[in-house]
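Visitor: sequence and predicted structure, then a few things I'm wondering about:
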Amino acid sequence: MSRAALIIAVAALVTVALRFLPFLLFGGKRETPPFIAYLGRVLPSAIMAMLVVYCLRNVQLSASPFGIPELLSCAVVVLLHVWKRNTILSILGGTACYMLLVQLIF
Amino acid sequence: MNKNVFKKALTACLPVISSFIVIGISFGVVVQSRGYGPLWAGAMSVFIYAGSMQFVALELMASGAGLLTVALTTVMVNLRHVFYGLSMIDQYKDVGKAKPYLIFALCDETYSLVCNPPQLAPGEKKAFYLLVSVMNQASWVLGSILGGLLGAALPFSTEGIDFALTALFVSVVAEQWLSTKEHTPALLGLGLSLLCLLLFGAENFLLPAMLLILLGLSLYRLGKGAKA
């Protein structure tokens, strides 16, 4: 097997292992521990907020364009979502705004 | 499987499907530019199925990295996936034979849809989870292979299209915010991630952020008298 195929195999196996790990640790037939059940309730909102920061982690606030396209487009997503609560509309609007900003202005 | 749940799954997936096809195409284009054919792009999307890790894997392939380096890099890039499983243990408890695939396919975007599903009848859940998982991965694989076939011949500029995924996560945060009165978990997630980004920098903030979020949520539960 070539080095490239081995690299893909290792990346795939480690990714799968990470995804299965919590189920192997806590997913048995017995009752889910109360703390894990609590995490199941509160983690999603915390993680999704973390994921937004993760997506924007390379934005430079101290150099042009100062993160303006990203922040403006995120604001468009939030405003559209509060207004219509339609996920597709929010995503399309925010992405279109971002593409226009980075391709035409910044 | 009834039409109703298919419609719900498709509606939920549509933003992911369309951005996965477009971003999958750009991934395939990059793979092709590195001298690997469309089947390589397809295989990476079938087996690794983690967008950012696939781009990182390409860099590792280009540098001929050692396998231990590959394994450690994958842990660092994908550690957040442990969190997804942790919060899906109850929801995925009785999903039957599809369970291994549902866990395998728990990427960022699929997680964002299954952790925050639309109104479902009790009997529809299994089908919803499976349809969302399959349609998302199918569109990602399809896009990757298409990109590999098209190569650099793409007729329009897709610069900025990857913002669709950021937009997806922002809209999920907004939706979760609007549908609950308990905003502390979201604020903890946002605040602690930003704090760690400032302290540790873009490449190293995720691990301390995850640990602090777990700690913060534990303290929050204690503060409420552990009745939750």
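Guide: Here it is on my side, so go on.
Visitor: quick one, domains of chain B?
Guide: The record's domain split for chain B, according to automatic domain parsing, is B:3-161, B:180-228.
Visitor: which strands and helices sit next to the longest helix belonging to chain B?
Guide: Longest helix in chain B, counting residues (DSSP state H): helix B:3-33. Where contact means 3 or more C-beta pairs under 8 Å, 6 or more residues apart in numbering or on different chains; DSSP states H and E, helix B:3-33 is packed against helix A:87-100, helix B:38-47, helix B:51-63, helix B:108-114, helix B:125-150, helix B:163-178. Every residue, glycine included, has its C-beta placed from N, CA and C.
Visitor: for residue B:32, find the nearest of these.
Guide: Counting by C-beta to C-beta, residue B:32 lies closest to helix B:125-150 out of the helices and strands packed on helix B:3-33; the figure is 5.0 Å.
Visitor: the closest one vs chain A: in contact?
Guide: No. Applying C-beta under 8 Å from any C-beta of the partner chain, one finds helix B:125-150 separated from chain A by no less than 11.6 Å.
Visitor: in chain B, where is pLDDT below threshold?
Guide: B:1, B:152, B:154-156, B:158, B:226-228 (pLDDT under 70).
Visitor: list the buried ones in the one helix or strand in chain A whose mean pLDDT sits lowest?
Guide: Within chain A, confidence by mean pLDDT, DSSP states H and E is lowest for helix A:34-55 among all helices and strands, at a mean of 87. For helix A:34-55, burial by neighbour count (16 or more other C-beta atoms under 10 Å in any protein chain shown) applies to A:36, A:38-40, A:42-55.
Visitor: can you narrow the residues you listed to ones near chain B?
Guide: When contact is defined as C-beta under 8 Å from any C-beta, those meet chain B at A:36, A:38-40, A:42-55.
Visitor: returning to that earlier point: can I get the helices and strands packed on helix B:3-33 in TSV including mean neighbour count?
Guide: Listed next are the helices and strands packed on helix B:3-33 as TSV, based on neighbours: other C-beta atoms under 10 Å in any protein chain shown:
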stretch	mean neighbour count
helix A:87-100	22
helix B:38-47	21
helix B:51-63	19
helix B:108-114	24
helix B:125-150	21
helix B:163-178	24
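Visitor: those helices: which one's closest to residue B:100?
Guide: helix B:125-150 (11.2 Å).
Visitor: got the angle for the closest one vs helix B:51-63?
Guide: Here helix B:125-150 runs at 40 degrees with respect to helix B:51-63, directions being taken by axes from the mean of the first three to the mean of the last three C-alpha atoms, to 10 degrees.
Visitor: could I get the domains of chain B as CSV with distance to residue A:11?
Guide: Putting these into CSV (distance: least, C-beta to C-beta, whole Å) gives the following:
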stretch, distance to residue A:11
domain B:3-161, 5
domain B:180-228, 17
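Visitor: quick check: longest helix of chain A.
Guide: In chain A, taking DSSP H as the definition, the longest helix is helix A:3-26.
Visitor: so it, near chain B or not?
Guide: Yes. Judged by C-beta under 8 Å from any C-beta, helix A:3-26 and chain B are in contact via A:3-4, A:6-12, A:14-16, A:18-23, A:26.
Visitor: gap between residue B:194 and chain A?
Guide: Distance, residue B:194 to chain A, by C-beta to the nearest C-beta, to the nearest Å: 6 Å.
Visitor: if we can go back for a sec, list the buried ones in the longest helix of chain A?
Guide: For helix A:3-26, the neighbour count (16+ other C-beta under 10 Å) marks A:4, A:7-12, A:14-23, A:26 as buried.
Visitor: same for that helix, what does it pack against?
Guide: Using 3+ C-beta pairs under 8 Å, 6+ apart, helix A:3-26 sits against helix B:38-47, helix B:51-63, helix B:67-78, helix B:80-88, helix B:99-104.
Visitor: give me the most central residue, chain B.
Guide: Per C-alpha atoms, centre = their mean, the C-alpha nearest to the average position across chain B is that of residue B:108, at 1.2 Å.
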